[in-house]
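Peer 1: Any chance you could fold what I've pasted below:
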Amino acid sequence: METIIIEVSISAPLDLVWLAWVESKRVATWFAPEANVEPRIGGAFELFFDPSNHEHESTRGCVFTSIDYKKKLVFTWKGPNQFEKLMNGPSSLTSVEVIFRETNGTTHLKVNHRGWGDGEEWVMAQKWHLRAWEEVLEVLKSALESGEGILWCLPKDNNG
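Peer 2: Predicted structure coming up:
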């Protein structure tokens with residue numbers, strides 16, 4: 001299957017956009033309610049969409065596989081629980097590459113999500129991720145341009 005490619009331009013300096021991806025506290029203002037990010041090869045890129053249960057709806061165990069300071073991040077990726085059996089095993093993880101480029105104070109991001117398998121379930125997973133990445137990057141853009149962090153995925157309360 002083809003790579004998901006999403007691009008966005010953010011009216012913010014590269015330094016701020018980079019920090020939004022590599023500092024746990026900043027990632028937790030726009031992507032997931034809780035994050036464990038260790039920006040080094042083999043370091044964690046873990047997002048916890050349900051902070052009360054780190055096993056549920058998370059990228060637990062995902063790691064950075066490549067880092068080119070302020071230019072590129074690559075990390076392994078797990079899908080949501082609905083695709084857990086399909087894409088969250090050690091041999092079926094996908095890979096996300098985030099490329100950073102700054103021009104005149106605007107940071108251009110390109111996200112390439114690779115490693116999709118074949119079959120209808122993979123098509124469904126890819127479509128889900130395409131929509132999710134579009135939404136996530138719009139939240140990042142909005143958060144950085146407005147100076148406020150708004151989570152893409154709000155934590156569920158204990159009743160839901």
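Peer 1: gap between the two ends of stretch 65-72?
Peer 2: Chord length of stretch 65-72, first to last residue, is 11 Å (Cα to Cα, to the nearest Å).
Peer 1: what comes up buried for that stretch?
Peer 2: By neighbour count with 16 or more other Cβ atoms under 10 Å, stretch 65-72 contains the buried residues 67, 70. C-beta coordinates here come from the backbone N, C-alpha and C atoms, glycine included.
Peer 1: This structure: strands as residue ranges?
Peer 2: 4-10, 34-37, 45-48, 64-68, 72-77, 94-103, 106-114 (DSSP state E).
Peer 1: what pairs with the first one, and is each one parallel or antiparallel?
Peer 2: The strands that strand 4-10 pairs with in its sheet are strand 106-114 (antiparallel) (by DSSP bridges).
Peer 1: Next, the contact list for residue 25, please.
Peer 2: residue 35 (Cβ atoms under 8 Å, 6 or more residues apart in numbering).
Peer 1: contacts for stretch 53-71?
Peer 2: 14-15, 18, 38-50, 72-78, 80-81, 93, 95, 97, 99-101, 153.
Peer 1: avg pLDDT for the longest helix seen in the chain?
Peer 2: In the chain, assigned by DSSP state H, the helix with the most residues is helix 120-146. The average of the pLDDT scores along helix 120-146 is 94.
Peer 1: packing partners for it?
Peer 2: Secondary-structure packing of helix 120-146 (3 or more Cβ pairs under 8 Å, 6 or more residues apart in numbering; DSSP states H and E): strand 4-10, helix 14-22, helix 84-87, strand 106-114.
Peer 1: next one: that helix to chain centre, how far?
Peer 2: 9 Å (Cα atoms, centre = their mean, to the nearest Å).
Peer 1: Next, the buried residues of that helix.
Peer 2: Within helix 120-146, the residues that count as buried by 16+ other Cβ under 10 Å are 122, 125-126, 129, 132-133, 136-137, 139-141, 143-144.
Peer 1: Format these as a markdown table; extra columns: distance to residue 112.
Peer 2: Formatted as a markdown table, those follow (distance: Cβ to Cβ, whole Å):
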| residue | distance to residue 112 |
| --- | --- |
| 122 | 17 |
| 125 | 16 |
| 126 | 13 |
| 129 | 12 |
| 132 | 15 |
| 133 | 10 |
| 136 | 14 |
| 137 | 13 |
| 139 | 19 |
| 140 | 16 |
| 141 | 18 |
| 143 | 22 |
| 144 | 21 |
